[in-house]
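*Asks:* Pasted the sequence and its predicted model underneath.
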Amino acid sequence: MTKQLNVDVAIIGAGTGGMYALREVRRSKQSFVLIDSGPLGTTCARVGCMPSKVALHIAEYWNAQKEFERYGISGAEHLRLDGAVAWQALREQRDRFAGGAANNAIKAAGEHLLMGRARFLEPTLLEVESESGIQKVKAKSVIIAAGSRPVMPGFLQPFAEHCITTDEFFEMQELPQSIGILGLGAIGLEMGLALARLGVEVHGADMAETVGGISDPEVSKVALAEFAKEMQLYLGAPAELAKADTGVLLKAGGKQVQVDKVLVALGRRPNTDQLNLAEAGFELDERGNPLFNPNTLQVGDHPVFIVGDSNAYRPLMHEAADEGAMAGYNSAQETPLAFKRKTSLAIAFTNPDVISVGARFDELNQDDILIGTASSQANGRSRVISDREGVLRLYANKHSGKLLGASMVGVRAEHVAQLLALAIERGETAHSLLQLAFYHPVVEEIVQAAAQDIARKIPEASGLPFGLVLADA
Ligand SMILES: Cc1cc2nc3c(=O)[nH]c(=O)nc-3n(C[C@H](O)[C@H](O)[C@H](O)COP(=O)(O)OP(=O)(O)OC[C@H]3O[C@@H](n4cnc5c(N)ncnc54)[C@H](O)[C@@H]3O)c2cc1C
Ligand SMILES: NC(=O)c1ccc[n+]([C@@H]2O[C@H](COP(=O)([O-])OP(=O)(O)OC[C@H]3O[C@@H](n4cnc5c(N)ncnc54)[C@H](O)[C@@H]3O)[C@@H](O)[C@H]2O)c1
């Protein structure tokens, strides 16, 4: 007879979302089971955020030699890069991150960790297939934190031997001489640039007319000009592959090129299609994802919650963490609470980085906003670090000056993104933000310049100089 386990909460997935959910479930002293099909270690640490940043870091080191001659440093021609050793070092660092995350799961769940693949039979009844057989789990509530996987469209099947995704990318035993990148979202752009900086010939294709999902045309223009210096860009047409004598042909927009390998970075799809949701009685949208509330994370009116990449709402690590905590907390409530979502924030670590904070350009009514613009080349610190071009476009309400969002490509824009996320979250205006002291020379002074550009267009009633207020009497 099939064994049945009865718990308060069943969590499907021990990734970032699942682990943050577990923290709240344990805090509320509910009984639980944490189910994972393995490998443990989280997507972020195993094949995502962390190994990709190590790759970019190695590439930065190697690429720094391009500046040597200008500063009188000679002998760079004697340097050589062993790509196999570089990727091995990457894996060692990755293993420390992923090992730490896996240990956290094992320690936090203890004997309540069930290694196996879960699917729904009913909204609160699961079937888990593990090495020791099939087991049923009956829970008062279920948290779906099953993550996502890379999209691999059918038209790539005939070329499977040449195609890799980020699941295989960090396992490469040597770097290819040339690579095609299909899709120039955050993954394609970051990994394409890392390889280009390591000396690989990179050809990147995207059917959009931009890269990194940039919607502001001015930022896009600067980003395209910068990234085209490092990789061939094929934009605005769907890409195809065709057979070649060696490697594979990448075809896009009437052009074609032979490459050794292709990194498929066409997005990620939630793993919800493997959970038997429709049959178990969940209502699904046209893409097969369950309908849920992004403030409570509740699925329909079931005692079921969905978090992280599984719900495809904001597929980023910090969002998976927040959503996990919301769902874990709500699993103990009679009526789930609706949480305020934080200012949206995205950073591609592409140096110059591509960032988006708060409202996107294409979400705003152009008649209602003022745009403050500032250039990296007018920012002292950015110029010292690099001669790369960059631009910040800061969006504000045209009457109140309240900051609404920003888009930027620029050197160390990751720091600008964090500062602006705080400013927007706190409801700052261009004028109030200027009351902050900006040290010189820091990259963040670009925010001051863009805020001044807005403040100039909305004179303050006090008539005082920008950013200054009178001392208390
Ligand atoms: C190359 C790359 C770079 C990235 N860089 C960044 C970055 O810089 N910053 C950022 O914020 N985000 C980044 N991301 C995105 C980030 O990694 C994800 O948003 C985040 O890891 C999602 O966490 P999660 O908890 O939803 O899923 P996961 O960590 O994937 O956890 C899902 C878990 O569910 C388990 N599972 C799946 N199906 C079942 C089942 N049926 N039964 C039992 N268990 C199951 C899996 O084994 C897995 O352990 C990157 C992603 C990639 C691929
Ligand atoms: N630094 C970061 O925060 C970071 C880094 C990497 C990944 N991530 C996250 O990981 C997830 C997956 O990233 P991703 O870059 O794979 O997905 P994505 O959805 O961001 O980008 C996919 C790209 O593929 C293009 N595309 C789709 N079909 C195509 C086709 N047939 N031909 C040509 N182009 C096509 C799209 O236009 C898009 O630009 C995202 O949610 C992303 O936010 C974040």
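*Replies:* Done, it's in. Ligands and ions are numbered 1, 2, ... in the order given.

*Asks:* Enumerate the residues of the stretch 301-450 of the chain near ligand 2.
*Replies:* With Cβ under 6 Å from any ligand atom as the criterion, the stretch 301-450 of the chain meets ligand 2 at residues P315, L316, A346, I347, A348, F349. Any C-beta I mention is one placed from the backbone N, CA and C, and that applies to glycine too.

*Asks:* would the first one count as being in a helix?
*Replies:* Looking back up the chat, that one is P315. No - applying DSSP: H, G, I helix; E, B strand; the rest coil, one finds P315 to be coil, outside a helix.

*Asks:* Now that it has come up, it's in contact with R268, right?
*Replies:* Yes - contact criterion Cβ atoms under 8 Å: P315 and R268 qualify, at 6.6 Å.

*Asks:* residue contacts, the residue in the stretch 251-400 of the chain that ligand 1 sits nearest to?
*Replies:* Among the residues of the stretch 251-400 of the chain, G308 lies closest to ligand 1, at 2.2 Å counting by Cβ to the nearest ligand atom. Neighbour list for G308: G13, G15, T16, G17, G18, A145, G147, P315, E319, A320, E323, G324 [criterion: Cβ atoms under 8 Å, 6 or more residues apart in numbering].

*Asks:* try 10 Å this time
*Replies:* 13, 15-18, 20-21, 42-44, 143-148, 270, 297, 314-317, 319-324, 327 (Cβ atoms under 10 Å, 6 or more residues apart in numbering).

*Asks:* Same check on E131?
*Replies:* E131 touches M115, G116, counting by Cβ under 10 Å, 6+ apart.

*Asks:* how close does it get to F120?
*Replies:* Going from E131 to F120 by Cβ to Cβ, to the nearest Å gives 21 Å.

*Asks:* now swap in G213 and tell me
*Replies:* For G213, the distance to F120 - Cβ to Cβ - is 32 Å.

*Asks:* so the nearest residue in space to L5 that is not next to it in sequence bridges to which residues?
*Replies:* Nearest residue to L5 in three dimensions, chain neighbours excluded: V137, at 4.9 Å (Cβ to Cβ, 6 or more residues apart in numbering). Following DSSP bridges, V137 is listed with bridge partners L5, L126.

*Asks:* Need the three-state assignment for L370.
*Replies:* strand.

*Asks:* swap that for H203, sorry
*Replies:* strand.

*Asks:* Looking at P315 and R268 now, which is surrounded by more residues?
*Replies:* R268 (20 against 17; other Cβ atoms under 10 Å).

*Asks:* any idea how far that one lies from G154?
*Replies:* Counting by Cβ to Cβ, the gap from R268 to G154 is 17 Å.

*Asks:* Over to W62?
*Replies:* W62 is 37 Å from G154, by Cβ to Cβ.

*Asks:* what do you get for N104?
*Replies:* On the measure of Cβ to Cβ, N104 and G154 end up 37 Å apart.

*Asks:* neighbour-wise, which of these two wins?
*Replies:* Taking other Cβ under 10 Å, N104 and G154 do not tie; N104 has more neighbours (17 against 6).

*Asks:* What residues does the more buried one make contact with?
*Replies:* A14, M19, L22, L40, G41, T42, A45.

*Asks:* and with 7 Å instead?
*Replies:* The contact partners of N104, by Cβ atoms under 7 Å, 6 or more residues apart in numbering, come to M19.

*Asks:* just the contacts of G308 that are near ligand 1?
*Replies:* Answer for the contacts of G308 near ligand 1 (Cβ under 6 Å from any ligand atom): 13, 15-18, 42-44, 145-147, 315-317, 320.

*Asks:* ok, these vs ligand 2, which is closest?
*Replies:* Distances from ligand 2 to the ones next to ligand 1 among the contacts of G308, taken by Cβ to the nearest ligand atom, are shortest for P315, at 3.7 Å.

*Asks:* ok, residues contacting whichever strand or helix holds S356?
*Replies:* Here S356, judged by DSSP states H and E, is contained in strand 353-358. By Cβ under 7 Å, 6+ apart, the residues outside strand 353-358 that reach it are 212, 214, 223, 343-348, 404-410, 412-414, 416-417, 420-421, 424.

*Asks:* Kindly export that strand (C-alpha atoms) in CSV.
*Replies:* Taking Å, rounded to 0.1, in the frame of the first residue of the first chain, the C-alpha atoms of strand 353-358 are listed here in CSV:
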residue,chain,number,x,y,z
ASP,A,353,25.8,47.4,-16.7
VAL,A,354,22.2,47.6,-17.9
ILE,A,355,19.7,48.5,-15.2
SER,A,356,16.0,49.1,-14.9
VAL,A,357,14.4,50.4,-11.7
GLY,A,358,10.7,51.0,-11.0
